[in-house]
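[1] sequence-free structure coming up:
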């Protein structure tokens, strides 16, 4: 499944690249050729999405896990598949914090001597694909997921920058994903206060 989701990611990047080229093309022949290639890429995307769906449906545990992840506001079918593929077996992590560290979503503090203190940032050590998979869902969750929204609002009140809030929302969303998978229960906002 990891190979399929990564292949899908590459095809979607190619689709975006082709769309940009079509938008910049002024030659009708070139535009027509690019549109033909784009049509083929879109067919491959559809085919691969179907294959991923069939693979998940063929395994009861994967199907159950995806259904549970989809109960989380901000997590859709594609994100659920990516989380399952990139996170792997959630039981290999003892805590949500370990899963977040695996994804590179833990704060990294930089100190050098007594004079240099940079702002904390995401460690970025870990699965860049899992981080990418959570970026846009975290932005959506800041608007539609009560637990993540309350968390983001509190960080904004404390004067945190937008990218810091998004990074924290990504981490919060992964914590929620881990909790849903570990407990095998659908998302319940009351169990995930905005902390």
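    Structure received. Fair warning: this is a prediction, and the values are worked out from it, not measured in the lab.
[2] only C-alpha atoms for contact and neighbour calcs from this point on.
    Noted.
[3] For stretch 79-89, what does the pLDDT average out to?
    For stretch 79-89, mean pLDDT is 92.
[4] what comes up buried for that stretch?
    Neighbour counts over stretch 79-89 (16 or more other CA atoms under 10 Å) mark 79, 80, 81, 82, 83, 84, 85, 86, 87 as buried.
[5] Give me the buried positions along the strand or helix carrying residue 16.
    Assessed by DSSP states H and E, residue 16 sits inside helix 2-24. Neighbour-count burial for helix 2-24 flags 2, 4, 5, 8, 9, 11, 12, 14, 15, 18, 19, 22 (criterion: 16+ other CA under 10 Å).
[6] List the contacts of the second one.
    When you say that, I think you mean residue 4. Shown in contact with residue 4 (CA atoms under 8 Å, 6 or more residues apart in numbering): 48, 52.
[7] Flag the shaky bits of this protein, pLDDT-wise.
    Across the chain, the ranges flagged by pLDDT under 70 are 107-125, 191-195.
[8] And the helices in it?
    Assigned by DSSP state H, the chain shows helices spanning 2-24, 28-57, 60-69, 77-87, 96-103, 128-144, 146-157, 162-183.
[9] Ok, which of the ones you listed comes nearest residue 190?
    Among those, helix 146-157 comes nearest to residue 190, with 7.9 Å by CA to CA.
[10] follow-up on the earlier one: including distance to residue 54, could the buried residues of stretch 79-89 go into TSV?
    Listed next are these as TSV, based on distance: CA to CA, whole Å:
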residue	distance to residue 54
79	16
80	14
81	11
82	15
83	17
84	14
85	14
86	18
87	19
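[11] quick one: which of the residues you listed is nearest residue 70?
    The closest of those, once distances to residue 70 are taken by CA to CA, is residue 80, at 6.5 Å.
[12] List the contacts of the closest one.
    With CA under 8 Å, 6+ apart, residue 80 has these contacts: 66, 69, 70.
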